[in-house]
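Peer 1: Sequence first, then the predicted structure, then my questions.
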Amino acid sequence: MKIFILSILLLSNLFSGGSLPLKNIKPILEKNTKLWSYIQNNFELSNIATGRRLGKQWIYLSGKRISPYFLKVLDSNVSFISVNCDISFLDKNGTKLSPDNSNNIVKIIEYPSSITLYFK
């Protein structure tokens, strides 16, 4: 019983405030065809994913989800896949900025770079 309660607490923290349909991040995942192909060919995924949610300090992007994205695996000894991305933060002119400059960032470009598997 203790393990079950602990699992529920861990899952609720993992999915807090940033769930979104898998189809919303699919265009990002498809940028790395080898990685996305590996995921699709080896795992059955839930239609819901989660991502880190940007807060109100991000004037132009508040509420947007960014990587890492967590994908729930349905039929495997793997519970979740974390998709990690290289992220570029851009201003209105397309100039790369530091994430510390959140007031001027209007666009984020993500490229999937690796995955982490979480086993049951």
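Peer 2: On my side now, so go ahead. Numbering: from 1, shown residues only.
Peer 1: make it CA atoms for all contacts and neighbour counts henceforth
Peer 2: Fine.
Peer 1: Can you show me the strands along the protein?
Peer 2: Assigned by DSSP state E, the chain shows strands spanning 19-21, 45-53, 65-73, 78-90, 96-97, 107-119.
Peer 1: Looking at those, which is nearest to residue 29?
Peer 2: Residue 29 lies closest to strand 107-119 among the strands of the chain, at 6.2 Å (Cα to Cα).
Peer 1: buried set for that closest one?
Peer 2: Across strand 107-119, burial judged by 16 or more other Cα atoms under 10 Å covers 107-108, 110-112, 115.
Peer 1: Contact partners for residue 91?
Peer 2: Counting by Cα atoms under 8 Å, 6 or more residues apart in numbering, residue 91 touches 97, 104-107.
Peer 1: returning to that earlier point: okay, the buried residues of strand 107-119 in JSON lines with pLDDT and distance to residue 42 next?
Peer 2: Listed next are those as JSON lines, based on pLDDT from 0 to 100; distance: Cα to Cα, whole Å:
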{"residue": "107", "pLDDT": "97", "distance to residue 42": "32"}
{"residue": "108", "pLDDT": "97", "distance to residue 42": "29"}
{"residue": "110", "pLDDT": "98", "distance to residue 42": "23"}
{"residue": "111", "pLDDT": "98", "distance to residue 42": "21"}
{"residue": "112", "pLDDT": "98", "distance to residue 42": "17"}
{"residue": "115", "pLDDT": "97", "distance to residue 42": "13"}
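Peer 1: For residue 83, state which of those is nearest.
Peer 2: residue 115 (4.6 Å).
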